[in-house]
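Engineer: Got a sequence here, can you model it:
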Amino acid sequence: MDLKLRYQLTVIGENKRKKVMSNPTDEKQTRAHVFISGKVQGVGYRYSTMNTAKKLGLNGWVRNLADSRVEAVFEGAPEVVEEMIQWCHTGPTAAIVKDVQVEYSQVEGNEGFKIRKN
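Structural biologist: Have a look, this model is predicted:
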């Protein structure tokens, strides 16, 4: 049996955090395929996306597209994926996001989060 484990941050006390392993089969997982348009290339959008997704414990990838958009896939718990999508509407401080399009589908089992080449 192949069980994948992920880390979940649990707040303990006021400003202390403890990493707790949880089994992703314990909760429903979702996949969001996201296309972000506006001034989103050349402003650190991919790196900020990767860092934010990793902090949230999401799996997936992000890349620039030839048409000046950024494409990303986020896999994880539905509420965390939604939090990441909300972040995409703003992105890093230098970005000017005009539109975020989202398509939901079955999880494909990405492991970790990375920047893909075009």
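Engineer: helices or strands next to whatever helix or strand residue 79 lives in in the packing?
Structural biologist: Residue 79 is part of helix 78-88, with elements assigned from DSSP states H and E. Other elements packing on helix 78-88 under the criterion 3 or more CB pairs under 8 Å, 6 or more residues apart in numbering; DSSP states H and E are strand 30-39, helix 45-56, strand 70-76, strand 96-105. (Glycine included, C-beta is placed from N, CA and C.)
Engineer: which one of those is the most hemmed in?
Structural biologist: Burial of the helices and strands packed on helix 78-88 is given as mean neighbour count (mean count of other CB atoms under 10 Å); strand 70-76 ranks first at a mean of 25.
Engineer: Now that one: average pLDDT?
Structural biologist: Regarding strand 70-76, the rounded mean pLDDT is 98.
Engineer: same check, this time on stretch 100-113
Structural biologist: In this model, stretch 100-113 has an average pLDDT of 96.
Engineer: residues contacting residue 73?
Structural biologist: By CB atoms under 8 Å, 6 or more residues apart in numbering, the contact set of residue 73 is 31, 32, 33, 34, 60, 61, 62, 108, 110.
Engineer: Which residue, neighbours along the chain excluded, lies closest to it?
Structural biologist: Leaving aside its sequence neighbours, residue 73 sits nearest to residue 60 (CB to CB, 6 or more residues apart in numbering; 4.1 Å).
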